[in-house]
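>>> just need the structure, nothing else, for what follows:
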Amino acid sequence: MTKPIPTIDKYMTTSPLTIAHDASLANAQKVMTENKIRHLPVVNGDSLVGILTDRDIALISSIAGTDPHKLQASDAMTPKPYTTSPKTPIDEVVTTMAEQKIGSVVVMDNAHVVGIFTAVDALGAFAHLLQTRLGK
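Residues are numbered from 1 along each chain as shown. Sure thing, here's the model as predicted:
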């Protein structure tokens, strides 16, 4: 008898921090550093407009003459990030992440950001599933 594949809501980080599209990159970096996170959904009001990663900030900050206090999150974000609903089976999400080399997925419900699922979350889910389904 096989168990059903769990949905992403079981392993996602709920109520993730977000950043306004017009927030400075310096502010975004501060939020990431203080909260020990690497991905921030970027919003304009209640609407998701992108995803900002620590790598995005590092890349744009490496360009000579850039000032992270003057640049906005929207200047460095990836627009139209991969999104999914909380009830999407985890195998679908991780397959897409692997195939498209995506580091994070924004989980949306009724057009609102309700979670984020990162590669680190995927590793935690993998460990949990191995222990509970294949373990002793």
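>>> identify the bridge partners of the most centrally placed residue in the chain.
The centre of the chain sits closest to S104, judged by C-alpha atoms, centre = their mean, with a distance of 3.7 Å. Judged by DSSP bridges, the bridge partners of S104 are T118.
>>> wait, doesn't it sit right on T53?
Yes - applying C-beta atoms under 8 Å, one finds S104 in contact with T53, separated by 7.4 Å. For the C-beta atoms, the positions are set from N, CA and C on the backbone; glycine is no exception.
>>> what sits in contact with each of those two?
R38, H39 (C-beta atoms under 8 Å, 6 or more residues apart in numbering).
>>> the residue nearest to the centre of the chain and I8, how far apart?
Here S104 is placed at a distance of 12 Å from I8 (C-beta to C-beta, to the nearest Å).
>>> do the same with K101
As judged by C-beta to C-beta, K101 and I8 stand 18 Å apart.
>>> give me the neighbour count for the residue nearest to T88 when sequence neighbours are not counted.
Excluding the flanking residues, the one nearest T88 by C-beta to C-beta, 6 or more residues apart in numbering is I8, at 5.1 Å. A count of neighbours around I8, defined by other C-beta atoms under 10 Å, yields 24.
>>> I'd like to know how far I8 sits from T18.
With distances taken as C-beta to C-beta, I8 is found 18 Å from T18.
>>> equivalent analysis for V94, please.
Taking C-beta to C-beta as the measure, V94 falls 23 Å from T18.
>>> show me where the protein has its strands.
In the chain, the strands defined using DSSP state E lie at 13-14, 19-20, 39-44, 47-53, 78-79, 83-84, 104-109, 112-118.
>>> I'd like those strands laid out as TSV, including distance to A26 and mean pLDDT.
Shown next, in TSV, are the strands of the chain (distance: least, C-beta to C-beta, whole Å; pLDDT from 0 to 100):
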stretch	distance to A26	mean pLDDT
strand 13-14	24	94
strand 19-20	11	97
strand 39-44	13	96
strand 47-53	12	96
strand 78-79	19	95
strand 83-84	27	97
strand 104-109	21	97
strand 112-118	22	96
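>>> who touches the closest residue to I116 other than its chain neighbours in this structure?
What sits nearest to I116 in space, not counting adjacent residues and going by C-beta to C-beta, 6+ apart, is P16, at 4.1 Å. Contacts for P16 (C-beta under 8 Å, 6+ apart) come out as I37, L40, P41, V106, V113, G115, I116.
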